[in-house]
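J.: starting from these lines, generate the structure:
(chains A, B, C and D)
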4 protein chains.
Amino acid sequence: MAYSSEKLSEEKVFKDPVHRYVHVRDRLIWDLIGTKEFQRLRRIKQLGTTYLTFHGAEHSRFNHSLGVYEIVRRISDDVFRGRPEWNDENRLLSLCAALLHDLGHGPFSHSFEKVFDLDHEYFTQAIILGDTEVNKVLRRAGEDFPKKVQEVIAKTSKNKLVISLISSQIDADRMDYLQRDAYFTGVSYGHFDMERILRVMRPQEDQVVIKHSGMHAIEDYIMSRYQMYWQVYFHPVTRSAEVILTKILHRAKDLFQQKYAFKLEPTHFYSFFKGEVTVEDYVKLDESIVLYYFQMWQEEEDSILRDLCCRFMDRNLFKYAEFDPAKEYKKLAELSRLFEKVGLDPEYYLVVDSSSDLPYDFYRPGEEEERLPINLQMKNGDIRELSRESSIVEAVSGKRRTDHKLYYPVDVLRDNSTNPKIKKQIRELLEISERM
Amino acid sequence: MAYSSEKLSEEKVFKDPVHRYVHVRDRLIWDLIGTKEFQRLRRIKQLGTTYLTFHGAEHSRFNHSLGVYEIVRRISDDVFRGRPEWNDENRLLSLCAALLHDLGHGPFSHSFEKVFDLDHEYFTQAIILGDTEVNKVLRRAGEDFPKKVQEVIAKTSKNKLVISLISSQIDADRMDYLQRDAYFTGVSYGHFDMERILRVMRPQEDQVVIKHSGMHAIEDYIMSRYQMYWQVYFHPVTRSAEVILTKILHRAKDLFQQKYAFKLEPTHFYSFFKGEVTVEDYVKLDESIVLYYFQMWQEEEDSILRDLCCRFMDRNLFKYAEFDPAKEYKKLAELSRLFEKVGLDPEYYLVVDSSSDLPYDFYRPGEEEERLPINLQMKNGDIRELSRESSIVEAVSGKRRTDHKLYYPVDVLRDNSTNPKIKKQIRELLEISERM
Amino acid sequence: MAYSSEKLSEEKVFKDPVHRYVHVRDRLIWDLIGTKEFQRLRRIKQLGTTYLTFHGAEHSRFNHSLGVYEIVRRISDDVFRGRPEWNDENRLLSLCAALLHDLGHGPFSHSFEKVFDLDHEYFTQAIILGDTEVNKVLRRAGEDFPKKVQEVIAKTSKNKLVISLISSQIDADRMDYLQRDAYFTGVSYGHFDMERILRVMRPQEDQVVIKHSGMHAIEDYIMSRYQMYWQVYFHPVTRSAEVILTKILHRAKDLFQQKYAFKLEPTHFYSFFKGEVTVEDYVKLDESIVLYYFQMWQEEEDSILRDLCCRFMDRNLFKYAEFDPAKEYKKLAELSRLFEKVGLDPEYYLVVDSSSDLPYDFYRPGEEEERLPINLQMKNGDIRELSRESSIVEAVSGKRRTDHKLYYPVDVLRDNSTNPKIKKQIRELLEISERM
Amino acid sequence: MAYSSEKLSEEKVFKDPVHRYVHVRDRLIWDLIGTKEFQRLRRIKQLGTTYLTFHGAEHSRFNHSLGVYEIVRRISDDVFRGRPEWNDENRLLSLCAALLHDLGHGPFSHSFEKVFDLDHEYFTQAIILGDTEVNKVLRRAGEDFPKKVQEVIAKTSKNKLVISLISSQIDADRMDYLQRDAYFTGVSYGHFDMERILRVMRPQEDQVVIKHSGMHAIEDYIMSRYQMYWQVYFHPVTRSAEVILTKILHRAKDLFQQKYAFKLEPTHFYSFFKGEVTVEDYVKLDESIVLYYFQMWQEEEDSILRDLCCRFMDRNLFKYAEFDPAKEYKKLAELSRLFEKVGLDPEYYLVVDSSSDLPYDFYRPGEEEERLPINLQMKNGDIRELSRESSIVEAVSGKRRTDHKLYYPVDVLRDNSTNPKIKKQIRELLEISERM
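T.: I've put the predicted structure just below:
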């Protein structure tokens, strides 16, 4: 029998708190899960530093990747099976792409990508195509199969239907993470009737569409997404931890470039600092490696690196103030000057962080980050873009919301053993209360 | 105001998936949570290697410790408040002991304790009494307060009531972990009506008792505990990961004693290998440190250390067979001989692992591990031990169940490129099917 | 001790699937629950005919009334307690008003109110003030206490704070029914973080306000409400059952006025038919009485009454078509004419039903149905109306959505044993497919 | 196409709070649901008088019957499909038997069966075979099909496999009601991992067996059942309501036999009183009919009938005392004598009620009520009865637990306006406290 259609002698089942069970029958899927590169996702948290705000958010990307796979499996095996637009090739391609779509995530991806100018989607594709265990397994299903999976991830595949299942505004990825992140954080947002959404999905030649009768379930999903972004993903405390993490990486890179003599040489980071990261380097990195360095660097000579690492390890984060860049740039300059006076490098200790989200967008062809819209299939068969039918979705559609905050180390600013006067000035500017 | 009764200006709230919210009003509790030693619990998984069986089980001891604290807070503030047997001192003592009871857990405690002959309860007490941030915070509430908390942990305190809240067969610790571990693994065991149990708890001079009307809820809790032990905690796949982890530590210690030249010197482990662990060494260890070593040791010369580390990192675990020591010791000897013949050191590759549990026990004074029984308060005020009233509890009471398994590397034994004949013999003895 | 502050010797607890437990300590509340008029609410379904669409929706108004009470109790005892704006009188008044607010609901209220021009709020007040057990119990707490409770229900009380707790756009009534109706129907809408909303409620002199930090939870609540209205409360199948029920009442009244000789005399309905309903008559009516009549009327001579009753009892409902009154009034007239031709009285068999909802509205003083808006308390203490702060709420605010449907008996229209040609014409106009 | 294999043009879906959705594809099933006799189950509560103890327990037998159907559908379509022991005939037979198994339940069955010596299983069969809509629908699938379904209900069918799916100690009926009753009452018992149990069920020639690996899930189910019986089904308050209901029926029958002139003639009950109940009479009865009479009888001349009906309608129930028939029969006689003295007919006002349950039983051939045991399929294919493998099940197996209570009207006994001395004596014997 062809490897691509080989079944396990007995179905394997993973107990999953979100989907109850994840079912695996295909040998190809089972083998992919067993690869070194996929197992590595166990050592990378799904939500990066969010666990410092929501202590339940300690779940890994391994966890989420299985979930996305399971959703696609249900769509494929329970909803699309038997429809003329769907076939075994689509099925296998979408299952693999679902399982592997986050393979290129590194530890604390957001900060790493920002500081070292990386892109996890690039690495997902590189791992799929490179000299890896994942690639070996995929190739057993056909010499060009890795390429096919990669093209789905890259959204360059001709198979638009499979692409829209894996990455659109109502894809399996989002449906899993909203529910999973809600489950692990414990927030009451993030719930929507996924079972109903799955039931109203219909494959078309070049996309997945939603039967009109399911519009309310989709509205609910869009609102869940909106709430999760602002209540969880952009939580200001999480962003404070991100700020510190980012600044640690910055500092280490700066020190490296200044040829600073580390007590613990950052061998794992060399290629990142130099901008020459290979797939091999990349997959060696996980959160335990990063945390090992942070822990060791608590004893470095450099006071900034040391301080920031201590802050991160012991969760002694920065506090924040609302900040309006358009109106308060002068205040920022003034604060910057005062920070330097009290010996706080504003580059590291006075940080503006911005978050921005578009809850839903209709299709804007040609834009940098094209987003596949959600299309409804009306009773008469017509296709209509969601925001034209739903007044709620229309209300949030295309409206970007942005939030800026200014982060600073409140403990230092409250410590009056040095520079009490200037610190008082700073506290007044930042409206820091005198009492904890 | 005395520090011990100081309240935060605004209540702090943690979102918790199990108890919905964890509430903190006491400055003392807030400060304890902020200590280095308590934050370290974020980097230690509650269930060790269980995440390799149940992928959801990635939650930390930090998570659980807050949960135990919250249960005790509810008992104290909602159930016991106002009763003559209860007072502010009991309250603070029990809150601190609840929060800190797992402070001495290290990474993968079970294996570390076994290989290096350590005891996490000893370290919990040592951290409370030692030169630590936790100790400094506790001392603010009274010079002898750390001692008082330590005595509760050690069960030597005169305050038997607080001890029974923190460690008895129906303590806050167990009530939290059963529910929490069920939540994160996703299994449907582990549920019981905790709210009802809390409502029927009554403080007495020297113990917590349960109103008779709550007996059925307690039965349900005992059965949950039983199911969680056999379905989750003693799951044979988890034990396989434990076996490998234990053998890695063994091997590293052996190599160290043989003065093997490590590529990566195990500096963090020296004091463990020598049996001279200090509190300072101990609190430096967390899972990221351990996983860093395991990852690096995948490239060591020593083939056993290297192989075991690769197995652990990539979840290439041992398979198992049922094993009855009383009847099969001869078979084990025979297998051992054959393993040596094919070049597998039976010390590392043919491992018997045993699990054993006592779901509930009545009081057996003078025994090694005394267990406080659960006492019911009858309508007429009499106290009766649970198993005398409940036929279900009586049925499981005092009955130890033990399970033995034999672990081995099935992949090697199936690889017929070397010693095919002897391997076939081994496979027959272990009843390994020829087909995967 | 004054009756109004008398406590039960032991707290009474009701197991509630939505709030887990409902707690009663006040004797007054306990006695109210025991009254004949309150127990009657057990025999009136919370959602009228909805159980014919969602079979789980069989819960009673008794159920819901306890829930509203429990929410107010939590707000009062856990959130407002100790605040200067709150006192024991407010507490008792709001608990009683919460418990009793639906007392005047009759069986299938919506239809009864429509056909007989009644108002359940009028009867709630009449029962509170009339010669009833409820009135007797309330009077024990003070001769003018029934009046005080009635004024809260009537929204004429000077105590605006208590009114806003019981009836505003974020009152305990709505918070209970959204969750409860979602629970019993099983739909996944209707969830929001009530615990968080309760925690951010603050009493002010003349209203309850919401701390700004809770705005997202409120948004979620508004969206839940929106979804519940369109997914559950206005479900077209439920409305079909309402249509039939309303037409049964119409027909019975018409027949009565025509002095038709009922086999079963509608003694329970006389005062309704005559428009002379007393409190005494009113509280005798419950769903079992109404269903008894419907069941018996299945054997009446009058073919319309008989047919409609059979339809209702056996759930043989009308089907529906979309209908736009502005554009399709001519079609309706044409259909009406054709219905008469085939012997179907259009008055009973061709019914337009409209549903309309305003998800949220800001304050429009002087309007017929004034709605108290939701006010946020900003960080600086300012009060701002919700829709000015939340773009999502703004999007749905003040926007009435209306839906019209045309109901008809599809089974008769498909039965070609009589008038096949005209029926075919009708089917074509109504776009009824030939195949079931 | 044969009617028995006809599918609906579009799958019908019921939203169900317990199983999320109930799916119907077969026209036969759809038509059965639409019958008069099946719709009647909407007007019969699943748990009789339990709603007077647990206010959430207002769900109907309609609700439960759909649930049992859905469980069997999943077993058939998801688990058994494709296995050689299973075929379309088994499927249809088991779906119909599942859906219809409770068809013969009347209002408050338990009391009716007791007083009028009826058996709901008899009526289920009679409705299936009689001149009913259900029978008509079934006959469309084959002239002998009603007979086949009836034989499954009667357990006389040769198809032992289908029987064991519908009525054994782990049948779909029990799995549904435990979960459903837990859901609607809100108790935390009644949960077990049904999805896992379904996955380990295997059809054999003459029974369903359980794969050994699922034993723990079965243990959990047995314990849930045990807890539900004692916490919910045998709750003493529910039994108090049953006692009153039973006594109302008794009294009405007695009065009828004494030729008492009812104000409202009990026409619906005549055939019950005479012991000549036909299927036609039987299916006319539902809870609204019964409650109509009870409500009207509140105004009867006969003081006992009147009083008991008022008690039932207003939930003014009897209180209870523990009672040991073996030891306290003399006390009962004494009480009986005293009750008569104060004018309370002990036949109606001093009632012993007994509940008794066998949580699980192995097979005892030849016994009156044979119970099919649960059989495990061991790894080697052997079949072993559950209690031989599970020590927990063994502990409860075959052990009948019985509970006796004595019910009486505490309000009358506390009313000292008449016979104060004798009432005091009674109160002392019954240990009734003087204070409420």
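
J.: could you use CA atoms for every contact and neighbour count after this?
T.: OK.

J.: which parts of the stretch 201-350 of chain A are strands?
T.: Here the stretch 201-350 of chain A has its strands, by DSSP state E, counting those that start in this stretch, at A:201-203, A:208-211, A:319-322.

J.: pull the distance from stretch A:138-152 to the chain's centre.
T.: Distance of stretch A:138-152 from the chain centroid (C-alpha atoms, centre = their mean, to the nearest Å) equals 25 Å.

J.: which residues touch that stretch?
T.: For stretch A:138-152, contacts defined as C-alpha atoms under 8 Å, 6 or more residues apart in numbering or on different chains pick out A:2-4, A:28, A:32, A:93, A:96-97, A:125, A:128-129, A:135, A:157, A:159, A:162-163, A:166.

J.: and these, which of them are in helices?
T.: Counted as lying in helices by DSSP state H, out of these, are A:28, A:32, A:93, A:96-97, A:125, A:128-129, A:135, A:162-163, A:166.

J.: hmm, which of those is lowest in pLDDT?
T.: Among those, A:Ile166 carries the weakest pLDDT, at 92.

J.: got the contact list for that one?
T.: A:Ile166 neighbours (C-alpha under 8 Å, 6+ apart): A:94, A:97-98, A:152-153, A:172-173.

J.: most surrounded residue in those residues?
T.: Highest neighbour count within the contacts of A:Ile166: A:Ala98, with 30 neighbours (other C-alpha atoms under 10 Å in any protein chain shown).

J.: what separates that residue from chain C, distance-wise?
T.: A:Ala98 sits 26 Å away from chain C, taking C-alpha to the nearest C-alpha, to the nearest Å as the criterion.

J.: how about that residue, nearest residue that isn't a chain neighbour?
T.: Taking C-alpha to C-alpha, 6 or more residues apart in numbering or on different chains, and ignoring the residues beside it in sequence, A:Ala98 has A:Tyr69 as its nearest neighbour in space, at 4.9 Å.

J.: using CSV, list the CA coordinates for the helix or strand where that neighbour lies.
T.: Take DSSP states H and E as the rule and A:Tyr69 turns out to sit in helix A:61-74. Presented in CSV, the C-alpha positions along helix A:61-74 are these (Å, rounded to 0.1, in the frame of the first residue of the first chain):
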residue,chain,number,x,y,z
ARG,A,61,2.5,25.0,20.6
PHE,A,62,2.5,21.1,20.4
ASN,A,63,-0.8,21.3,22.2
HIS,A,64,-2.2,23.8,19.8
SER,A,65,-0.8,22.1,16.6
LEU,A,66,-2.6,18.8,17.5
GLY,A,67,-5.7,20.9,18.0
VAL,A,68,-5.6,22.5,14.6
TYR,A,69,-4.9,19.1,13.0
GLU,A,70,-8.0,17.7,14.8
ILE,A,71,-10.3,20.4,13.6
VAL,A,72,-9.2,19.9,10.0
ARG,A,73,-9.6,16.2,10.4
ARG,A,74,-13.2,16.7,11.5
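
J.: pLDDT of that helix, averaged?
T.: Rounded mean pLDDT across helix A:61-74 is 98.

J.: just give me the closest of the ones in helices among the contacts of stretch A:138-152 to chain C.
T.: For the ones in helices among the contacts of stretch A:138-152, the closest approach to chain C (C-alpha to the nearest C-alpha) belongs to A:Ile166, at 24.3 Å.

J.: from chain B, how far off is that closest one?
T.: For A:Ile166 relative to chain B (C-alpha to the nearest C-alpha), the value is 22 Å.

J.: likewise for A:Val412?
T.: For A:Val412 relative to chain B (C-alpha to the nearest C-alpha), the value is 16 Å.

J.: and if you look at A:Glu389?
T.: On the measure of C-alpha to the nearest C-alpha, A:Glu389 and chain B end up 36 Å apart.

J.: next: A:Val396.
T.: Counting by C-alpha to the nearest C-alpha, the gap from A:Val396 to chain B is 27 Å.

J.: A:Ser9 too?
T.: Going from A:Ser9 to chain B by C-alpha to the nearest C-alpha gives 8 Å.

J.: avg pLDDT for the helix or strand containing that residue?
T.: Secondary structure assignment for A:Ser9, by DSSP H and E: strand A:7-16. The average pLDDT for strand A:7-16 rounds to 92.

J.: quick check: next helix or strand after it?
T.: Counting by DSSP H and E, the next helix or strand C-terminal to strand A:7-16 is strand A:20-26.

J.: could you say what helices and strands that next one packs with?
T.: strand A:7-16, helix A:61-74 (3 or more C-alpha pairs under 8 Å, 6 or more residues apart in numbering or on different chains; DSSP states H and E).

J.: and if we set it to 7 Å?
T.: Strand A:20-26 is packed against strand A:7-16, with contacts defined by 3 or more C-alpha pairs under 7 Å, 6 or more residues apart in numbering or on different chains; DSSP states H and E.

J.: tell me if the strand it packs on is near chain D.
T.: No - judged by C-alpha under 7 Å from any C-alpha of the partner chain, strand A:7-16 makes no contact with chain D; its nearest approach is 10.2 Å.

J.: much appreciated, bye for now.
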